[in-house]
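> Predicted model and sequence follow; I will ask about them next.
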Amino acid sequence: MKRHREQTRPDERARRRHRTGAALAVLAGFAALLLSACGGGAAPATATFPPPPSQAVAALDPTPTLRASSPAAPEVDPPPAVTPDAAYPAATTPPTPYPPAATQLPTPGRTGRPAASTNGDLFLPLLGLAASPTPTPSITPVPSPTPIPTLDFAALRREIESRGEALVTSKIGFHVAVGGNRNGLGEWMRRLDEAGVPFFLKTVADTGPLVEAQELIRKRGVPHVLVYRFSGDEFDTPNYKLPPAEAAREHWERHVAIWPPELDKNLVWFETINEVDKNHSEWLGQFALATAALAERDGFKWAAFGWSSGEPEVEDWQQPSMLAFLRLAGANPDRLAIALHEYSYLADEIGHQYPSKVGRFQQLFQVVDAYGIPRPTVLITEWGWEYNHVPSIDRAMRDIAWANRLYAPYPEIKGAAIWYLGGGFGEIADKAQKLIYPVMVEGLTTYNTAPLPPERAPVSPDLFRP
């Protein structure tokens, strides 16, 4: 694993260089807008925010308070034995049914993908769509070339729950940033919302798609999972030279000072760090505890770490402060989350070195299970193959179907964002955009099942080996 990471690290550095350059101009634009809104004066050191809109989903608490974490568990050295079947209450419960627009039900007794969605011809019309030569400021709907045999997920949920299982819809979504090619993203959001299927959407320095998604949530109540992040060296990682609490305060203030006021803090997860250094795991645990307190004070839902694919190591999760943060996150699954990246680094083998890269979330769950900590909420905020390439549609959809089976048994996994529809990175957006329509079909025509809480799935990588 170490040798592989050394081989792939230049790609990681290239991604960061591209990401930094693309974001600086965007952030300058945001700063100008904020200064204009304030009358042209100097930007304040901190920002104040209006209370959450009255039309926000009733289930969200506008004044959240983090629950205390469970009592500290004794340190275990060497790492504790994994006991995947140890019982504890589920960290989250499945959402209530949502009224879908769909009318079709599968044949009685059939589970999984209907025959129509396995037909490769279903995706052929997409190949005729031309990629937009220039970035578009809004989400442009792309008409569906063929009717989609959408399932009636509310009826399916009732039928599956009557058997003692939970219905799980697709968890694969998209990563968006300024520029690129997102044609069809608006239709993807609207069609899934109409069918009552939650979608996963991550954006960097681009609020437009999230604003549209917020309105869908307020209108119908489908719990879409939304994530926002700024990008650039000053935003990606904290100052490791400072004491953790001081670094947390400095890093947090830099972010909240330019938080877009059009985003609802109760509907959007705030991801403030990205691909951190695992060699500072104890420091990062203390940093995360301090940042969690600041996020609670300011009313944000916060996602921590953004670990690179293949990181961290099992011992990094078991540092004292890291375990303390995992207890806090496990006790507050609606306000604190762990952000992970899962890439294969190979376009032709999504399961390369499984579960060391894609599927590595299972290591985190093995650790918390061993310590009796509830599994925390996990947001896979970057997912895919390579930083500048995606495979063919047929191969990509086979990989996505496998990933959905892998993530389905774990309700704590809220979704995974395909890299990437934004600008730069070898114009990968023109390749990833071709996945929007088939991913929408996947979301409207397939499902998986999972144990019905409080039952939970064991952590057993061999069950899902590709």
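Nice, thanks for sending it over.
> okay, CA-based contacts and neighbour counts for the rest of this
Noted.
> Give me the mean pLDDT for stretch 245-257.
Stretch 245-257 shows a mean pLDDT of 98.
> Helix, strand, or coil at residue 241?
Following DSSP: H, G, I helix; E, B strand; the rest coil, residue 241 is assigned to coil.
> separation between it and residue 451?
Distance from residue 241 to residue 451, counting by C-alpha to C-alpha, to the nearest Å: 45 Å.
> out of those two, which sits in the busier spot?
Neighbours were counted for residue 241 and for residue 451 using other C-alpha atoms under 10 Å; residue 451 has more, 19 against 8.
> beta partners for that one?
residue 165 (DSSP bridges).
> Which residues are in contact with it?
By C-alpha atoms under 8 Å, 6 or more residues apart in numbering, the contact list for residue 451 reads 164, 165, 166, 409, 457.
> same thing with residue 303?
269, 270, 271, 272, 336, 337, 338, 339, 379.
> same thing but at 10 Å, please
227-229, 269-273, 288, 292, 295, 329, 335-340, 377-379, 381 (C-alpha atoms under 10 Å, 6 or more residues apart in numbering).
> Look at residue 315 and say how many residues are nearby.
Neighbours of residue 315 (other C-alpha under 10 Å): 12.
> That one reaches residue 366, doesn't it?
No: applying C-alpha atoms under 10 Å, one finds residue 315 not in contact with residue 366, separated by 11.8 Å.
> show me where the stretch 301-450 of the chain has strands.
301-307, 336-343, 377-384, 413-418, 448-451 (DSSP state E, counting those that start in this stretch).
> Turn these into a markdown table, including distance to residue 435.
Below are the strands of the stretch 301-450 of the chain laid out as a markdown table (distance: least, C-alpha to C-alpha, whole Å):
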| stretch | distance to residue 435 |
| --- | --- |
| strand 301-307 | 24 |
| strand 336-343 | 17 |
| strand 377-384 | 12 |
| strand 413-418 | 9 |
| strand 448-451 | 20 |
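> wait, which of those strands is closest to residue 151?
strand 448-451 (12.6 Å; C-alpha to C-alpha).
> tell me the average confidence for the closest one?
97.
> before we move on, what about stretch 349-363?
Mean predicted lDDT for stretch 349-363 stands at 98.
> got it, and stretch 201-218?
98.
> Pull out the buried positions in that stretch.
Across stretch 201-218, burial judged by 16 or more other C-alpha atoms under 10 Å covers 201-210, 213-214, 216-218.
> which one among those residues gets closest to residue 256?
Closest to residue 256, out of all of these and judged by C-alpha to C-alpha, is residue 205, at 13.1 Å.
> The spatially closest residue to that closest one that is not a sequence neighbour: how many residues sit nearby?
Nearest in space to residue 205, with sequence neighbours left out and distances taken as C-alpha to C-alpha, 6 or more residues apart in numbering, is residue 230 at 5.2 Å. Here the number of neighbours of residue 230 (other C-alpha under 10 Å) works out to 26.
> Sort out which of the buried residues of stretch 201-218 are in helices and list them.
208, 209, 210, 213, 214, 216, 217, 218 (DSSP state H).
> Listing request: residues of the protein with sub-threshold pLDDT.
1-65, 69-146 (pLDDT under 70).
> Just the helices from it, written as ranges.
2-37, 153-162, 185-194, 208-220, 233-236, 244-256, 281-298, 314-317, 320-331, 361-370, 393-407, 428-432, 436-445.
> Redo these as a markdown table? Include distance to residue 413.
A markdown table is the format used below for the helices of the chain (distance: least, C-alpha to C-alpha, whole Å):
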| stretch | distance to residue 413 |
| --- | --- |
| helix 2-37 | 24 |
| helix 153-162 | 19 |
| helix 185-194 | 18 |
| helix 208-220 | 19 |
| helix 233-236 | 23 |
| helix 244-256 | 25 |
| helix 281-298 | 20 |
| helix 314-317 | 18 |
| helix 320-331 | 13 |
| helix 361-370 | 9 |
| helix 393-407 | 6 |
| helix 428-432 | 22 |
| helix 436-445 | 16 |
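> Out of these, which gets nearest to residue 346?
helix 2-37 (10.1 Å).
> I'd guessed residue 376 sits against residue 330; true?
Yes: in this structure residue 376 lies within contact range of residue 330 using C-alpha under 10 Å: 4.3 Å.
> residues near the residue nearest to residue 322 when sequence neighbours are not counted, how many?
Nearest residue to residue 322 in three dimensions, chain neighbours excluded: residue 285, at 4.2 Å (C-alpha to C-alpha, 6+ apart). Applying other C-alpha under 10 Å, we find 25 other residues in the vicinity of residue 285.
> ok, now the one 10 residues further on?
Summarising burial for residue 295: neighbours were counted as other C-alpha under 10 Å, giving 20.
> Now do the same contact list for it.
66, 252, 256, 270, 289, 301, 302, 303, 335, 336.
> try 8 Å
Counting by C-alpha under 8 Å, 6+ apart, residue 295 has contacts 301, 302.
> From residue 269, how far out is residue 193?
19 Å.
> Same question for residue 289.
17 Å.
> Need the phi and psi values for residue 347.
phi -70, psi -20 (degrees, to the nearest 10).
> wait, it sits on residue 388?
No: counting by C-alpha atoms under 8 Å, residue 347 does not reach residue 388; the two are 9.8 Å apart.
> which residues does the closest residue to residue 415 other than its chain neighbours contact?
By the measure of C-alpha to C-alpha, 6+ apart, the closest residue to residue 415 outside its immediate chain neighbours is residue 171, 4.4 Å from it. Residues near residue 171 by C-alpha under 8 Å, 6+ apart: 198, 199, 200, 404, 407, 408, 414, 415, 416.
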